[in-house]
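1. just the structure for this:
(2 chains)
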Amino acid sequence: VIRRAVRYVDSRTGTAPFLRKALRYLFPDHWSFLLGEVALYAFIVLVATGVYLTFFFVDSHQDVVYHGPYAPLQGQHMSEAYRSVVDISTTVKAGLLIRQTHHWAANIFLAAVILHLFRVFFTGAFRKPRDLTWLIGVTMLMLALLEAYAGYSMVDDLMSGMGLVIGYAVGLSLPFVGANVMGWLFHGPFPGGAVLIPRLYIVHVLIFPILIGTLLTVHLVLVALRHHTQFRGRRQTERTVIGVPLYPGQTPRSLGLLFAVTGVLFLLGGLVQINPIWLWGPFHTYVSTNGAQPDWYLGWLIGGLRLMPGFDVTIDHYTLIPGPFWGGALFPMIVFGFLYFWPYLERKLTGDVATHNLLDRPRDNPMRTGVGVGMATWVFLVFVAGSSDRVQVLFNLSYTGQIWFYRVAVLVVPVVAGFVAAWVCRQLVHGEQVEFERRRAEAEGRLELASRLDDEGSPWQTVYMNRPGR
Amino acid sequence: MSKARDLLLSGAVLLLGRRRRQPRPDTHVLPPVPEQPRAETASIALLFLAALSAAAFPVVYFVHAIPAKTQYLGLSIGLAFLFFAAALVVAAQTVIPTEELAHEYPPDAHEDDEEYLADLVEESGKGFTRRRLFKLGLFSAGGALGAAALIPAVSFGPLGVKEFYGTPWRKGRRLVDEDGKPFRAADIDEKALYTAFPEGADKEEQGAPVVVIRLPRSSLELSGRVEGYDANGIVAYSKICTHAGCAISLYRAPLFAPDEPRPALVCPCHYSTFDPSDGGTVTFGPAGRRLPMLPLSIDGNGELRARGNFDDPVGPSWWGVRERRPSP
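-> All right, here's what the predicted structure looks like:
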């Protein structure tokens, strides 16, 4: 049967030589290489659950009065869009499971993407010949953030409306054209025209998914064309890749990971409540609630908006750049600009333009690791600052006091963290060198030198000695 | 008889032989794996557990008596996937051959092919004598077509900002609550926050909602544009924060005189804080300009009415926001 199937495929498509190569494509083994795979599988779950949800969601701004089974909303005015999501969550059997799984998958997708980005950054996997793959990855991250934002904005519950108006205000703050662009996109000033929800909907279910799906395909094809990177080892060199072939070795492992990710997402979707929109109620321009927080991946932006002191660029009474621009637009632009340009900046700074198939360990490149830790600390601190209001509620620390603390901390701590990280890297490498010398001295019988080096040895050498692959 | 036996035998040989035709030469594609019956059993057991969990899904779905559908549905399908995953991983680690192979990385560059491609493209244009002009033509055609294709997108929405200045407030318009009931001045207590709308207007417009509070007249410090905007100590401000456009729904009444002597309107999104006693100036947080204020009056029935429009544009700011004021 197998032979006949193979013959059938080959005689119709002529792809036996290609498939033979493809099935023997090698996957180097390291746990951190699975992060990108987790992101891919979460994306698959997102598409599958999302398609189901489209069969129930009504992308309409139309004002309706709720008369469903959920008593607290009885008789309330709301948009048809919001009512349809309340229905998905209450009356559609398995609807809530799929909706919550979709939301969890979005959270995990972005978490996996960002961890994958850290892995690629700190190991230098973005270097030539994979810089194009990196640029596409960063673009996908940006699209994924916008995609998630459109997704929860179109539900039109109280949280989503508050998020939407903040995004609108950030758009409005763009120099010179902000108001024109936002009025154009929203069909008039906030809350926009009746076409806004349908626009968010089509962006969320068609335009961005197609963009992300296309870039994802190119991303994976590029990875395969250049083969995977790998850590240095006895047999692993710049010219030879060592790994487990796609079939049969890798296939059950990857399928296993796909099913494990799917299983965990369904367990979360079934057992752990997320975004209970029926509790938030419908959005109205004149309603807001205290303690509102966006999904975690937008926390850095709310932090940026909250931290920035009121600072409009004005000439006399003429406003040029309103405050939300700094925390909501400039801040993410700097972060993404850094991600886009770092591969080229690093080439400029180090003069290293060679092709790299072997990965650095973070310690092997103290400058890069220091810069990366600094940037990550910066974004993370702003993210934490976004939760100051919750911290005040939980621990009774003054909100204003916290904000002033963070305003200073975000300028100081990242620099310190970056230098400390670079210093730690250098110490680690130094420890390895000492250890290497000691071993050679020991091997050559120069025991006196060996014991002296032993005393001098860096405290980090144990890390080196326990390194996998030694 | 013997003929029949021969026939049977030869038939049997043929049949059996068919199955064993072409005995595979002893060259294996994959390395041998030692038999591991226990791992295999575990993997099979896990697969059946997955099947069992998955079979529970329709049961939970259809049987009406089962409560907490979301939880049980999630549990059954989630566990089914996890068992399946475990079965595959067990098989992958034990009975499925795992080789560690070495391949060469593809070459950095294919110089011959690159050369060929460059030549190909270059030579394809050899026939042109006015090459630059042709290029100019290409760019013009492409650019103009591209621009033309984008033009329909202009219809997405208004490009001007005139609408941003519009509000439904007019002189004499009554202040009503969410249900359309007019506010009387006597309804407004100190130390409470009220949301009011212009009578008969669309409540969802950013220009519509105002916060109304009553402050002791002695504590009011309204000067400049907003001098005399209060009606007997009752003041009204746009409810939309000038920072990011959320509704201002927190009010700190000056209850604790020594610590917090001044009242404050606070937006819960980014905690912009405004002082309602002195025309809504920013006292903390990221807002860049004061809250627009609505002038009030009390009519003969004791009802609150607008005495005009806001003194400043409503909602989050943009380039040149204060170029104009809402028309009175």
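2. every contact and neighbour count from this point should use C-alpha atoms.
-> OK.
3. and stretch A:401-415, how far out from the chain's middle?
-> Distance of stretch A:401-415 from its chain centroid, counting by C-alpha atoms, centre = their mean, to the nearest Å, is 24 Å.
4. identify the residues contacting that stretch?
-> The contact list for stretch A:401-415, computed with C-alpha atoms under 8 Å, 6 or more residues apart in numbering or on different chains, reads A:306-308, A:373-378, A:381-382, A:385, A:388.
5. just the strands in chain B please.
-> In chain B, the strands defined using DSSP state E lie at B:101-104, B:175-176, B:194-198, B:210-214, B:234-238, B:250-252, B:264-266, B:273-275, B:281-284, B:293-294, B:296-298, B:304-306.
6. for the stretch 251-400 of chain A, same thing?
-> All strands of the stretch 251-400 of chain A, identified by DSSP state E, counting those that start in this stretch, fall at A:313-315, A:318-321, A:358-359.
7. neighbouring strands - and their directions - for the longest one?
-> So that's strand A:318-321. Sheet partners assigned to strand A:318-321 using DSSP bridges are listed as strand A:313-315 (antiparallel).
8. can you give me the helices in the stretch 251-400 of chain A?
-> Applying DSSP state H, counting those that start in this stretch to the stretch 251-400 of chain A gives helices spanning A:251-271, A:277-280, A:299-307, A:324, A:331-350, A:366-385, A:388-395, A:399-443.
9. which ones among the contacts of stretch A:401-415 also lie next to chain B?
-> A:306-308 (C-alpha under 8 Å from any C-alpha of the partner chain).
10. ok, so of these, who is nearest chain B?
-> Using C-alpha to the nearest C-alpha, A:Arg306 is the member of these that lies nearest chain B, at 4.9 Å.
11. which residues touch that closest one?
-> A:327, A:385-386, A:403, B:270-271, B:285-286.
12. ok, it to A:Phe336 distance?
-> With distances taken as C-alpha to C-alpha, to the nearest Å, A:Arg306 is found 20 Å from A:Phe336.
13. any chance of the strands of the stretch 251-400 of chain A in JSON lines, with distance to A:Val203, mean pLDDT and mean neighbour count too?
-> Supplementary listing: the strands of the stretch 251-400 of chain A in JSON lines, determined by distance: least, C-alpha to C-alpha, whole Å; pLDDT from 0 to 100; neighbours: other C-alpha atoms under 10 Å in any protein chain shown:
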{"stretch": "strand A:313-315", "distance to A:Val203": "33", "mean pLDDT": "89", "mean neighbour count": "13"}
{"stretch": "strand A:318-321", "distance to A:Val203": "28", "mean pLDDT": "92", "mean neighbour count": "20"}
{"stretch": "strand A:358-359", "distance to A:Val203": "37", "mean pLDDT": "94", "mean neighbour count": "20"}
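14. right, and these - which one's nearest A:Arg232?
-> Of all the strands of the stretch 251-400 of chain A, it is strand A:358-359 that lies closest to A:Arg232, at 5.8 Å by C-alpha to C-alpha.
15. off-centre distance for the closest one?
-> 23 Å.
16. list the helices and strands it packs on?
-> strand A:230-231 (3 or more C-alpha pairs under 8 Å, 6 or more residues apart in numbering or on different chains; DSSP states H and E).
17. and for residue 91, the neighbour number?
-> Using chain A here. Using other C-alpha atoms under 10 Å in any protein chain shown, A:Thr91 has 15 neighbouring residues.
18. please go with chain B instead
-> Neighbours around B:Ala91, by other C-alpha under 10 Å: 22.
19. could you find the closest non-adjacent residue to it?
-> Take B:Ala91 and drop its neighbours on the chain: the residue closest to it by C-alpha to C-alpha, 6 or more residues apart in numbering or on different chains is B:Ser43, 6.0 Å away.
20. tell me the pLDDT at the closest residue to A:Val113 other than its chain neighbours?
-> Leaving aside its sequence neighbours, A:Val113 sits nearest to A:Ala39 (C-alpha to C-alpha, 6+ apart; 5.6 Å). Looking at A:Ala39, its pLDDT is 97.
21. quick check, A:Ala39 in contact with A:Leu115.
-> No. Assessed by C-alpha atoms under 8 Å, A:Ala39 is found out of contact with A:Leu115, at 9.4 Å.
22. the two: which has the busier surroundings?
-> Neighbour comparison, A:Ala39 and A:Leu115: the larger count goes to A:Ala39, with 24 against 16 (by other C-alpha under 10 Å).
23. report the buried residues of stretch A:234-246.
-> Neighbour counts over stretch A:234-246 (16 or more other C-alpha atoms under 10 Å in any protein chain shown) mark A:236-238, A:240-246 as buried.
24. then it to PDB, C-alphas only?
-> What follows is stretch A:234-246, C-alpha atoms only, in PDB (Å, rounded to 0.1, in the frame of the first residue of the first chain):
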ATOM      1  CA  ARG A 234      32.300  18.300  18.700                       C
ATOM      2  CA  ARG A 235      30.700  17.500  15.300                       C
ATOM      3  CA  GLN A 236      28.700  20.700  14.900                       C
ATOM      4  CA  THR A 237      30.700  23.200  12.800                       C
ATOM      5  CA  GLU A 238      29.900  26.100  10.500                       C
ATOM      6  CA  ARG A 239      29.800  23.700   7.600                       C
ATOM      7  CA  THR A 240      28.100  20.700   9.000                       C
ATOM      8  CA  VAL A 241      24.700  20.500  10.600                       C
ATOM      9  CA  ILE A 242      24.000  17.700  13.100                       C
ATOM     10  CA  GLY A 243      20.400  16.800  13.800                       C
ATOM     11  CA  VAL A 244      17.500  14.400  13.800                       C
ATOM     12  CA  PRO A 245      15.800  14.000  10.400                       C
ATOM     13  CA  LEU A 246      12.200  15.200   9.900                       C
END
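25. backbone dihedrals for A:Leu26, please?
-> A:Leu26 adopts backbone torsions of phi -100, psi 140, taken as degrees, to the nearest 10.
26. quick one, what contacts it?
-> Neighbours of A:Leu26 in contact, by C-alpha under 8 Å, 6+ apart: A:227-228, A:241-246, B:101-103.
27. let's see which of these end up in strands.
-> Within these, residues falling in strands by DSSP E are A:241-245, B:101-103.
28. got the residues you listed as CSV, with pLDDT and distance to B:Leu136 columns?
-> Formatted as CSV, those follow (pLDDT from 0 to 100; distance: C-alpha to C-alpha, whole Å):
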residue, pLDDT, distance to B:Leu136
A:Val241, 93, 47
A:Ile242, 93, 51
A:Gly243, 93, 51
A:Val244, 93, 53
A:Pro245, 93, 51
B:Leu101, 92, 53
B:Ala102, 92, 51
B:His103, 93, 48
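29. about what we covered before: and of the strands of the stretch 251-400 of chain A, who's closest to A:Tyr344?
-> The minimum distance between A:Tyr344 and the strands of the stretch 251-400 of chain A falls on strand A:358-359, with 17.3 Å, by C-alpha to C-alpha.
30. given the closest one, what are its sheet partners and their directions?
-> Short version: by DSSP bridges, strand A:358-359 pairs with strand A:230-231 (parallel).
31. what mean pLDDT does the partner strand have?
-> Strand A:230-231 shows a mean pLDDT of 93.
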